[in-house]
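Q: need coordinates for the below:
(3 chains)
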Amino acid sequence: MEKGLGQFFEDYLEQESLFTNKEHLQPNFVPETITHRDEQLHSVASILAPCLRCQKPSNLFVYGKTGTGKTLTVTYTTQQLESVAKKKNLPLKIIYLNCKLKKVADTEYRLIAQLAREFGKAIPPTGLPTDEVYSIFFKEIDKEKRIILIVLDEIDVLVGKIGDEMLYNLTRINAELKNAQLSIVGISNDVIFTERLDPRVKSSLSEEEIIYPPYNALHLQQILEQRVKLSMRKNAVAEGVIAKCAAIAAREHGDARRAIELLRVSGELAERDGSTQIAIAHIDQAEDTIEKDKVIELVKGQPKHYQATLFSIFDLGTQRKDALFTGEVYEHYKYVCQQVALRPLTQRRVSDIIGEFDVLGVINAKVISKGRFGRTREIFPSTSQGLVDNAKATLSEELGL
DNA sequence: GTCAATTCACATGAAAGAGACCACGGTCTAGTG
DNA sequence: CTAGACCGTGGTCTCTTTCATGTGAATTGACGA
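A: Predicted structure coming up:
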């Protein structure tokens, strides 16, 4: 071991990195050219263009599954708009908000507060009546004549949480503004989202709609190739690697984000191996790693009761191969709580928690009716056995079992 | 055998409580000139 | 006289509990053939 670590670091330095510029593989990277989204890009641009003439553009609604380039095209367009506006000194203000981010914009109060903050108003995180925040915001934007464009990303999450009233307020605010004009761009992953909206909101919000179809494998492949060119050394990728990444991502509704992540993680794994090229095997490995990291990461950040619930499911799941039901899980959960001196929650709550885990995709829970024997959720751990064991170990450590 | 009623074991919704956090205005207190 | 400490009030947020209502098909039991 004399030359152990020192040698390792030296070798590490010697070895040329696979990546030349990893930034281009980060999920929030905005490339200069956008592949296979010309049509959408064009639509977005022409809908939003009037704001350069100081006219209020139509409200716009953008849907499509995750990783279909919605956020990308919208941010790209707004960036361009902003730079033109700046050059010509046009009164345009663009605000981008991701409604999914906790503690930023996931309640009405926080959303409006955040918007007001964008205009340089200090709003306390809590304590003020919501109306007050509204009026602060209102006064602030109406101070001067200008166009304001609010981009609400993942708007479906927000509405799911707090209802659509706030969107109604926002769209209506225009009628009362004397100087400024406000337009909203909503981005949603949920395609049938607008059907659940109040018709009034729906009609005013989606004056224009753009739908993003999923990428197919060929598109994904070209996107990946473009990114590879930007971010990796020549010959860093073995034959067929890109095709395989694209194929995997295409299998899941053409999610480009996932394809890129897969490629990046494969690259990291290859580098760690000391290989000079990403091989197909690295992709399989990457798929596992990503999955595993996601679950472990998720498990770690959860509150105790969530952990206890998940642990109960995994624990029962390893004992038994067939489906679990809410009742059983709850019984086991109560037992687990007792072990770690935790006051158990009611079954009502645990039922919700199970539902949340289902949404997160850690478990698979389907509501079924067993006829005379009632109605319940049929629960399966949705990941592989190895992963479950892994997660279980993490959980029992976290819980202090 | 057929068909509607029953029944189970929860799911799902709504409302409301508890405990934290915070702003704001009023009052009190101690230090200063 | 004034700055700062210290309430009380009123507001939001999150997590829960409580209470109420809904649900889908296996089972049951009445009915008719």
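Q: need the contact list for the closest residue to DNA strand C within the stretch 51-200 of chain A.
A: As assessed by CB to the nearest atom of the strand, DNA strand C sits closest to A:Tyr109 within the stretch 51-200 of chain A, at 2.7 Å. All C-beta atoms are positioned from the backbone trio N, CA, C, and that covers glycine. With contact set as CB atoms under 8 Å, 6 or more residues apart in numbering, A:Tyr109 has these partners: A:Thr126, A:Leu128, A:Thr130, A:Val133.
Q: what residues are up against the third one?
A: Neighbour list for A:Thr130: A:Glu108, A:Tyr109, A:Ile112 [criterion: CB under 8 Å, 6+ apart].
Q: how far away is it from A:Ile136?
A: Distance of A:Thr130 to A:Ile136, computed by CB to CB, to the nearest Å: 11 Å.
Q: determine the next helix or strand in the C-terminal direction from the helix or strand where A:Ala113 lies.
A: Per DSSP states H and E, A:Ala113 falls inside helix A:108-118. Under the assignment DSSP H and E, the closest C-terminal helix or strand after helix A:108-118 is helix A:130-141.
Q: in that next one, what's buried?
A: Within helix A:130-141, the residues that count as buried by 16 or more other CB atoms under 10 Å are A:Val133, A:Tyr134, A:Ile136, A:Phe137, A:Glu140, A:Ile141.
Q: let me know the average pLDDT across that helix.
A: For helix A:130-141, mean pLDDT rounds to 80.
Q: so it versus helix A:108-118, what angle?
A: 20 degrees (axes from the mean of the first three to the mean of the last three CA atoms, to 10 degrees).
Q: what's the following helix or strand after helix A:130-141?
A: That would be, after helix A:130-141 and using DSSP H and E, strand A:147-153.
Q: identify the residues contacting stretch A:243-255?
A: Identification of contacts with stretch A:243-255 by CB under 8 Å, 6+ apart yields A:65-68, A:214-221, A:224, A:256, A:258-259, A:262-263, A:266, A:280, A:283, A:287.
Q: ok now it, how far from the chain's centre?
A: Relative to the chain's own centre, stretch A:243-255 is displaced by 18 Å; criterion: CA atoms, centre = their mean, to the nearest Å.
Q: can I get that stretch in CSV? Just the C-alpha atoms.
A: Taking Å, rounded to 0.1, in the frame of the first residue of the first chain, the C-alpha atoms of stretch A:243-255 are listed here in CSV:
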residue,chain,number,x,y,z
ALA,A,243,-28.9,4.4,-29.3
LYS,A,244,-29.4,2.4,-26.2
CYS,A,245,-29.8,5.4,-24.0
ALA,A,246,-32.3,6.8,-26.4
ALA,A,247,-34.2,3.5,-26.5
ILE,A,248,-34.5,3.2,-22.8
ALA,A,249,-35.8,6.7,-22.5
ALA,A,250,-38.1,6.3,-25.4
ARG,A,251,-39.6,3.3,-23.7
GLU,A,252,-40.7,5.7,-20.9
HIS,A,253,-42.7,8.2,-22.9
GLY,A,254,-39.7,9.8,-24.6
ASP,A,255,-38.2,11.6,-21.6
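Q: quick one: mean pLDDT for it?
A: The pLDDT scores in stretch A:243-255 average 89.
Q: same question, stretch A:212-227
A: 91.
Q: mind checking how far it is from the chain centre?
A: Using CA atoms, centre = their mean, the offset of stretch A:212-227 from its chain centre is 19 Å.
Q: and what of stretch A:330-338?
A: Using CA atoms, centre = their mean, the offset of stretch A:330-338 from its chain centre is 32 Å.
Q: pLDDT on that stretch, on average?
A: Stretch A:330-338 comes out at a mean pLDDT of 95.
Q: who touches it?
A: For stretch A:330-338, using CB under 8 Å, 6+ apart, the contacting residues are A:308-309, A:311-312, A:315-316, A:342-344, A:347, A:350-351, A:399, A:401.
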